[in-house]
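1. need a structure here:
(chains A and B, ligands or ions: 2)
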Amino acid sequence: MKDTDIKRLLYAHLLCIFSIILSIFIPSFFLENFSILETHLTWLCICSVFVTAVNLVLYLVGKPNTSSKRSSLSYKVTRLLKCCIYFLMSCFSFHVIFVLYGAPLTELVLETFSLAVLLSTFTTVPCLCLLGPNFKAWLRVFSRNGATSIWENSLQITTISSFVGTWLGAFPIPLDWGRPWQEWPISCTLGATFGYMAGLVISPLWIYWNRKELTYKNN
Amino acid sequence: MQKISVLLFLAWVCLLFYAGIALFTSGFLLTRWELTNHSSCQEPPGPESLPWGSRGKPGACWMASRFSRVVLVLIDALRFDFAQPQLSHSSGEPPVSLPFLGKLGSLKKILEIQPHHARLYQSKADPPTTTMQRLKALTTGSLPTFIDVGNNFASYAIVEDNLIKQFVSTGKRVVFMGDDTWKDLFPGAFSKAFFFPSFDVRDLHTVDNGILEHLYPTMDSGEWDVLIAHFLGVDHCGHKHGPDHPEMAKKLSQMDQMIQGLVERLENDTLLVVTGDHGMTVSGNHGGDSELETSAVLFLYSPTALFPSAPPEKPEVIPQISLVPTLALLLGLPIPFGNIGEVMAELFSEVEDSQPHSSALAQASALHLNAQQVFRFLHTYSAAAQDLQVKELHRLQNLFSKASANYQRLLQSPQGAEAALQTVITEMQQFLRGVRAMCIESWARFSLVRMAGGVALLAATCFLCLLVSQWATSPGFYLRPLLVMPVTCGLTVATVCTGLLATTGLQLDPVVLGAMAAVGSLLPFLWKAWAGWGSRRSMASLLPMPGPVLLLLLIRFAGLFSDSFVVAEARAAPFLLASLILLLVAQLHWEGKLLPPKLLTIPRLGFLTPTGPPRHHGVHTLGLGVGLLLCIRLAGLFHRCPEETPACSSSPWLSPLASMVGGRAKNLWYGACVGALVSLLAAVRLWLHRYGNLKSPEPSVLFVRWGLPLMVLGTAAYWALASGADEAPPRLRALVAGASVMLPRAVAGLAAAGLMLLLWRPVAVLVKAATGAPRTRTVLAPFSGPPASQADLDYVVPQIYRHMQEEFRGRLERTKSQAPLTVAAYQLGSVYSAAMVTALTLLAFPLLLLHAERISLVFLLLFLQSFLLLHLLAAGIPVTTPGPFTVPWQAVSAWAFMATQTFYSTGHQPVFPAIHWHAAFVGVSERLESSSLSAFLVGANTFASHILFAVGCPLLLLWPFLCESQGSRKRRQLPGNEAEARVRPEEEEEPLMEMRLRQAPHHFNAALLQLGLKYLFVLGIQILACALAAFILRRHLMVWKVFAPKFMFEGMGFIVSSVGLCLGIALVMRVDGAVSSWFRQLVLAQQR
Ligand SMILES: [Zn+2]
Ligand SMILES: [Zn+2]
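-> Numbers count the residues shown, from 1 in each chain, chains lettered A, B, ... in the order given. Ligands and ions are numbered 1, 2, ... in the order given. Presented below is the predicted three-dimensional model:
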């Protein structure tokens, strides 16, 4: 493993962070009364779109898994469709998990779903970009000794930190501080975002520190 | 390791915990008994005649009234120095302007202009300085503690005699406006009331503006005799901003204007009282006993002259409850029965008639009435409760009789000397003050030493649990020295202390004695731990838990320090449980136990070598996880809202069916409930059937087959009667009533009988099949003759078991028909858990009966949930064949979380008004009233989930062994793997299942000990957190509303759980003993 790989990883991650920061500032030029807390859903959508876009761009530029064997149009279309289905399924399953965790079932459905979309953006979209719609590969990556490249390692870290961020975001909800960001699901979306960003920052650093121990046999 | 010493050790640890809880409780929860006696006009407080012959006068009771109306303005948290003028600082110092000083200018003005009309006092409130307790004190004249033990736990309504009750009973119209706490305290007492919500501390203005809107119109309308206005703004401002804040100045100025307005509107027959219920600390909180918290303003004003002299330079300091007898006598009311306040004698002097003699006589008579009333109360109280000091009581009684006799003598010869009158007054005051001091001593003082000691004891015991649970499975661990040494030390310390106390003649406090014994027995243990610290154990062995579980336990621990989290625990506990479950599933996947390894490795990579094929399929485990989450979520639908969250609405399903109106919906629900019962029964029977425990002719099995359906039938019939009792035709009423008393008793009796049978013959194994095999090969036993020792037996038993299995299989192959025989082999493999499951079912039915009908659905969920959880956990726990058996921390934590979650989903909340009191009337006829039985029933209802989960705790150890059979069965069913299975001959063998535990009895006992200690540790840190929270946050706004009730519920829950745990482990040991004797008989039979 070379240091250039880690550098590329770092730049890619910085780009992702930059897209999130942009999603906070750019809309205020176009939309009136835009703020993260008050027009939360709008921000969520914009943030999801930005992060997805950056991931796609990175994928198109970097092309991590160069499968040159089949590049027909129909193959690409089915692959794209599969990706969309995977994304939607992950949104729905996140929604179900949130409800099972105690989110209201009938009220605030849109809010819960948009949180699911955001979390999918942070977790499923990178998976789709990096591994493609291949569930078995996902399962492999998310197991002990399953990662085969630094990209997969960083995928592990960002995904787990996004989940942990969302989970931690639920803790302020019962507190009686009466802040606007304590409403469902704002604290969780903020937690997810912070978790994702933290993961983006941590993973290159972690990989850099552990570069001696990390040996990938196929590389 | 002996079985009995395991139990004894657990009992000893439980006792240590109890000692800690008791010590903490004795320092924190001060108790007092509430008397329901009432004073009345017709009944004078003492035998002597009333002064001035006032009995005949209309409208007068014990004394002629001076005022006919009163305006009581209660400004919450009006600290005494809020009424002080802006300090004029001595030269040299820079003038400091505090925002709260000098804002109540109207008081000062009145005092200067009308010195004979008004007086400012510094009133000293007694701790706890919380609003509810202070309101109780200000109306009853007593010293409310947190637990005023009375007959009414279900609501906050005051049962003691109080001023409001006296107002109402003498026909005065009481108008109230302000804090809605009064609504709970005095339900239905006010002729007119304007309540405003008091819960939101951040809201400074709703209550005050609401009052101001109604205050003057109500005053002007004249439709009142007593007007009470309770302002909250100052208090809330203190909590939000603290006293040193410009907002406080604004609030106080607003109050000043209000007082100004009131004074202008007062009429001559009206007394104005402005008072604070308590003060506040520098940070604006209250609840404790510091100087700033206990000092409050008391300001009296009357449009007619009231005081013979001008006010003193420095305001007099008086106890807060002095206001109660003073107000009562000034308004011509009887003093409330339980009052121990001292009348403010100054207000009873004659102003116009300047004769000093008659003034003193009036004061003496008021004081005498007061003293008589207090004496009567003391007499009644000391007859009802024994918590007052006997010696002091005698001294005070003597003082009173002396003073009373002197007073009588003076009345006989009214021309007596002034000096004699003063002596009488002083004696009376001495008596009253003595009584107050004695009551404070026993009712109103936190003991910080005891609280800290209790917390330390709890923490040390938790540490002990942690350490010993680590040691228990290590080789070379001997329990007996660890048990004998501390117990001897504890007993020695206890006897020495008793001896010392007896020789010094001090009073023997059993709580302190217990704590001393506990500390004495802990010390050698801690010494041992300390000594072995550096040499053998490292820090890592101290924190043996996996990180995430430790984090979850820490969150649970920390959550108990936040009132919001305690209130929201009903949602937080399922959240943590769900997190733990997802974590378990994720961890299983992470470690590659979920999926076949070839999925996880890219084929060309060979380094991931699996240790063995995973016992469970991935989808199966994932299904378990999702099913658990679903169960938790469904159980969460049965949710009772805490009263602190007004937006939340409780589940309607918690109410009994009898309260439903719609006939059709009721029938449907009834059907669903009976369906839940039947499916619970069916599930248990199916489980027992599957593991082959339903075929044996043993009485306990017969009971499961026939007794359980009878219990279901009885429960269903009882519900039918209970929900439709009102619709029964009148001539059947008596029958229905009788049946609805008898049916629960019958069910409980059946359950008790079943448990007895289970204890008598716990081994449900088909012995007939074993003896019916005549042509036995010789048993591979190294001994001749009956087994000599336990060790021999332990060695030979698994061999016999294996041999039997072979024998049965051989017969099966020959006859091809004897299916029950192979089943008989399974029976032995699940003998422990079958007994546990039977016992749990038998326990669950009577507990279910104490709940509302629809809770049966929750019970069904509870069984399902624990079944799923056990399976999920079993997937992660490896069966270590010979070696030490362990129950991992995540299993124990999940079990404890689930117990908490079920506590809430069965409709409970850790506050007193939320207790299900109706449980006290299940199976109890109304004539027969036994308070201990009622308490038992209510306790069983409240702690049902604690009981079930604690008793079922050993299942955590047993279940992985049960699941072993599934794995091997599945493997054998796989058609492709047959060739592989043949290669390994031991794979052909029947799984040993729970007999593996018997193979290594030493490890079995160690595992039971470890399991018990781990569960006690998880429960112990919860009670430790509650105690610590109550200790640290004893000044918190919510201490009496949230933390103290939580501590009490947690403490009771801990006691119930620990007893249940010991019983569950004892049951396992009883089964173990029975299995031993069963084998012994078998061996003897074969020898013949
Ligand atoms: Zn108050
Ligand atoms: Zn307050």
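2. what's the burial count for the residue of the stretch 101-250 of chain B found nearest chain A?
-> Nearest to chain A in the stretch 101-250 of chain B, going by C-beta to the nearest C-beta, is B:Arg202, at a distance of 6.3 Å. In short, each C-beta sits where N, CA and C put it, glycine included. When counting by other C-beta atoms under 10 Å in any protein chain shown, one arrives at 10 neighbours for B:Arg202.
3. is it within a helix or a strand, and which one?
-> Taking DSSP states H and E as the definition, B:Arg202 sits outside all helices and strands.
4. got the contact list for the closest residue in space to it that isn't next to it in sequence?
-> Leaving aside its chain neighbours, B:Arg202 sits nearest to B:Lys240 (5.6 Å; criterion: C-beta to C-beta, 6 or more residues apart in numbering or on different chains). Counting by C-beta atoms under 8 Å, 6 or more residues apart in numbering or on different chains, B:Lys240 touches B:Val201, B:Arg202, B:Leu204, B:Glu247, B:Gly284.
5. model confidence for B:Lys240, exactly?
-> Per-residue confidence (pLDDT) for B:Lys240: 82.
6. the longest helix along chain A close to chain B?
-> The residue-count maximum for a helix in chain A (DSSP state H) belongs to helix A:73-100. Yes. Helix A:73-100 lies within reach of chain B by C-beta under 8 Å from any C-beta of the partner chain, at A:Ile97, A:Val99, A:Leu100.
7. secondary structure element for the residue nearest to B:Arg202?
-> helix B:233-241.
8. neighbours around residue 146, how many?
-> Since you didn't name a chain, this refers to chain A. Counted with other C-beta under 10 Å, residues neighbouring A:Gly146 total 21.
9. my bad, the chain I had in mind was chain B
-> Around B:Phe146 there are 19 other residues, counting by other C-beta under 10 Å.
10. right, and it touches B:Trp1040 too?
-> Yes. Judged on C-beta atoms under 8 Å, B:Phe146 makes contact with B:Trp1040 at a distance of 5.3 Å.
11. for chain A, just list every one of the helices.
-> Remark: helices assigned in chain A by DSSP H are A:3-25, A:27-30, A:40-62, A:73-100, A:109-131, A:135-141, A:150-169, A:186-209.
12. looking only at pLDDT, what's the mean for the third one?
-> When you say that, I think you mean helix A:40-62. Mean predicted confidence for helix A:40-62 is 88.
13. tell me what it is packed against?
-> On a contact count with 3 or more C-beta pairs under 8 Å, 6 or more residues apart in numbering or on different chains; DSSP states H and E, helix A:40-62 meets helix A:3-25, helix A:27-30, helix A:109-131, helix A:186-209.
14. before we move on, the earlier item: mutual contacts of B:Phe146 and B:Trp1040, please.
-> Joint contacts of B:Phe146 and B:Trp1040 (C-beta under 8 Å, 6+ apart) are B:Pro128, B:Gln133.
15. now chain A against ligand 1: closest residue?
-> A:Asp176 (18.4 Å; C-beta to the ion).
16. pLDDT score assigned to the residue lying closest to that residue once chain neighbours are set aside?
-> Once flanking residues are discounted, A:Asp176 sits nearest to B:Ser564: 4.7 Å by C-beta to C-beta, 6+ apart. At B:Ser564, the pLDDT value in this model is 89.
17. same check, this time on B:Phe783
-> 35.
18. make a markdown table out of the helices of chain A and add mean neighbour count.
-> Converted to a markdown table, the helices of chain A look like this (neighbours: other C-beta atoms under 10 Å in any protein chain shown):
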| stretch | mean neighbour count |
| --- | --- |
| helix A:3-25 | 15 |
| helix A:27-30 | 12 |
| helix A:40-62 | 17 |
| helix A:73-100 | 15 |
| helix A:109-131 | 22 |
| helix A:135-141 | 17 |
| helix A:150-169 | 22 |
| helix A:186-209 | 21 |
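19. want to throw these into a markdown table with distance to B:Ser740?
-> Below are the helices of chain A laid out as a markdown table (distance: least, C-beta to C-beta, whole Å):
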| stretch | distance to B:Ser740 |
| --- | --- |
| helix A:3-25 | 65 |
| helix A:27-30 | 66 |
| helix A:40-62 | 55 |
| helix A:73-100 | 39 |
| helix A:109-131 | 44 |
| helix A:135-141 | 57 |
| helix A:150-169 | 48 |
| helix A:186-209 | 49 |
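20. which one of the ones you listed lies nearest to B:Ala515?
-> Closest to B:Ala515 of these is helix A:150-169 (C-beta to C-beta; 39.7 Å).
21. which ones are touching residue 133?
-> The chain I'm using is chain A. A:Pro133 is in contact with A:Arg79, A:Lys82, A:Cys83, A:Ile85, A:Tyr86, counting by C-beta under 8 Å, 6+ apart.
22. can you look at chain B instead?
-> By C-beta under 8 Å, 6+ apart, the contact set of B:Gln133 is B:Pro144, B:Thr145, B:Phe146, B:Trp1040.
23. many thanks, have a good one.
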